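A.B. asks: structure for this input, please:
(2 chains)
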Amino acid sequence: QKEVEQNSGPLSVPEGAIASLNCTYSDRGSQSFFWYRQYSGKSPELIMSIYSNGDKEDGRFTAQLNKASQYVSLLIRDSQPSDSATYLCAVNPGAGSNYKLTFGKGTLLTVNP
Amino acid sequence: GAVVSQHPSWVICKSGTSVKIECRSLDFQATTMFWYRQFPKQSLMLMATSNEGSKATYEQGVEKDKFLINHASLTLSTLTVTSAHPEDSSFYICSGMPVAGGTHEQYFGPGTRLTVT
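C.D. replies: Residues are numbered from 1 along each chain as shown, chains lettered A, B, ... in the order given. Okay, the predicted model is just below:
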């Protein structure tokens, strides 16, 4: 069974700090990796996608992928109270699964002013 | 990013009636759309995968005769909850995967909150 595990949280950081969110996955053949942000009562919003080993930066967000370790992370620099949300790691195993995403249970992040 | 709309955003219906939820990709074409359900404080649960022009593929435990999915065009998929019961009350969210680009990113609609009384 394909699994995605996230650090359980909740994670609390002060405003301006770096928030680090981690995710591991079990399917070694997975090809695409995503981070979604979900505010309470809202639907998920795609914030980062990463496909190859290394770092990918977009503004205050950096996604890191290590396929050998089956590990994905998201760093949020200069965290703001508006970043407080649940962050979902999602893995796409590829065409064989009809591109269905496998989600982790999410990590609740609270950024304290 | 790509935009997906859902209609209605919320609906209240009586037990035993049917409700149709529309999911539209506004600025991209989606060969594949997905339908999810989320109960309060729980994870997203994939209900079915909808491919344009073919029958939907339902996840284990999801009743295909109760949750009717139609994906008639590359921009529209509908979910009909038939003979709704209070236990069907939930947050229903669709997502679309653009045909172009090959990134396999999924973009979510804003969701439809269903309450069955």
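A.B. asks: okay, the residue lying farthest from the centre of chain B and residue A:51: tell me how far apart.
C.D. replies: Most distant from the centre of chain B: residue B:101, at 22.8 Å, with distances by Cα atoms, centre = their mean. Separation of residue B:101 from residue A:51 (Cβ to Cβ, to the nearest Å): 12 Å. Every residue, glycine included, has its C-beta placed from N, CA and C.
A.B. asks: got a pLDDT number for the residue lying closest to residue B:54 once chain neighbours are set aside?
C.D. replies: Nearest non-adjacent residue to residue B:54, counting by Cβ to Cβ, 6 or more residues apart in numbering or on different chains: residue B:71, 7.7 Å away. As predicted, residue B:71 sits at a pLDDT of 90.
A.B. asks: which residues touch the helix or strand containing residue B:71?
C.D. replies: Using DSSP states H and E, the element containing residue B:71 is strand B:67-73. Residues outside strand B:67-73 that contact it (Cβ atoms under 8 Å, 6 or more residues apart in numbering or on different chains) are B:33, B:35, B:47-48, B:50-54, B:56, B:58, B:77-82.
A.B. asks: measure how buried residue 40 is and give me the count.
C.D. replies: Picked chain A for this. 10 (other Cβ atoms under 10 Å in any protein chain shown).
A.B. asks: hmm, I had chain B in mind actually
C.D. replies: 9.
A.B. asks: ditto for residue A:16
C.D. replies: Residue A:16: 11 neighbours (other Cβ under 10 Å).
A.B. asks: sec struct for it, please.
C.D. replies: Using DSSP: H, G, I helix; E, B strand; the rest coil, the secondary structure recorded for residue A:16 is coil.
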